[in-house]
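In: Sequence and predicted structure, then a few things I'm wondering about:
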Amino acid sequence: MNPDHLRFAAVMLAAGAGVPVLAMLNAQLGLRLGAPAAAACVLLVVAFLGAVAVMLFTTGPAPLAKLAAQPRHLLFGGLLMTFYLVSVTVVAPRFGLGNAIFCVLVGQMVSAAVIDHFGLMGAPVKPISLIRATGIAVMAAGVLLTQRG
């Protein structure tokens with residue numbers, strides 16, 4: 001593995017470690033507010049302000065001038081983020097954080113494998129091999145085992 005890949009892996013490991021923390025923080029905020037959707041709105045406003053700060057310190061706002069010319073379907077990611085955020089805020093306190101996050105992980109693995117297999121949305125094509133399918137099945141079985149009893 002080259003040094004760039006090691007740095008990328010470390011960043012994504014940290015991002016992944018943050019997902020359950022984000023889920024539990026927002027679930028607690030939703031419970032305390034008595035409104036999961038309100039908690040999601042607060043988190044998204046804070047996230048928006050953080051993203052604006054990063055944009056201003058890196059590229060500045062100039063790239064936003066190209067936004068109007070982009071295909072509208074590319075904005076669907078914002079709706080997917082909202083769906084994830086509201087669903088985990090509602091589900092985690094009732095289903096358990098581990099159950100919720102493990103189901104998210106299995107969904108991510110299956111979705112990523114399908115996207116890679118067909119090269120969807122410009123992804124490099126990486127066919128689902130027997131070993132890859134077995135890995136996803138083993139992960140799903142592991143999720144099931146960790147959540148029983």
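Out: Looks like it came in fine.
In: CA atoms for contacts and neighbours, from now on please.
Out: Fine.
In: secondary structure class for G60?
Out: Secondary structure state of G60, per DSSP: H, G, I helix; E, B strand; the rest coil, is coil.
In: got the contact list for it?
Out: Under the criterion of C-alpha atoms under 8 Å, 6 or more residues apart in numbering, the contact list for G60 is empty.
In: phi, psi of it?
Out: Backbone dihedrals for G60, given as degrees, to the nearest 10, come out at phi 80, psi 180.
In: what's the pLDDT at it?
Out: In this model, G60 is scored at 97, pLDDT.
In: can you check F8 too?
Out: 91.
In: now do A17
Out: A17 carries a pLDDT value of 89.
In: low-scoring stretches of the protein, by residue?
Out: The model of the chain has pLDDT under 70 over residues 149.
In: dump the residue contacts of V42.
Out: If a contact means C-alpha under 8 Å, 6+ apart, then V42 has no contacts.
In: Quick check: it vs P36, distance?
Out: 10 Å (C-alpha to C-alpha, to the nearest Å).
In: Helices along the protein, start to end?
Out: Listed from the start of the chain, the chain has helices (DSSP state H) covering 3-33, 36-57, 76-95, 97-118, 130-147.
In: Please name whichever of the ones you listed is nearest to A69.
Out: helix 76-95 (15.3 Å; C-alpha to C-alpha).
In: Name the residues that touch that closest one?
Out: Looking at what lies outside helix 76-95 - C-alpha under 8 Å, 6+ apart - the contacts are 23-24, 26-28, 30, 36-37, 39-40, 99-100.
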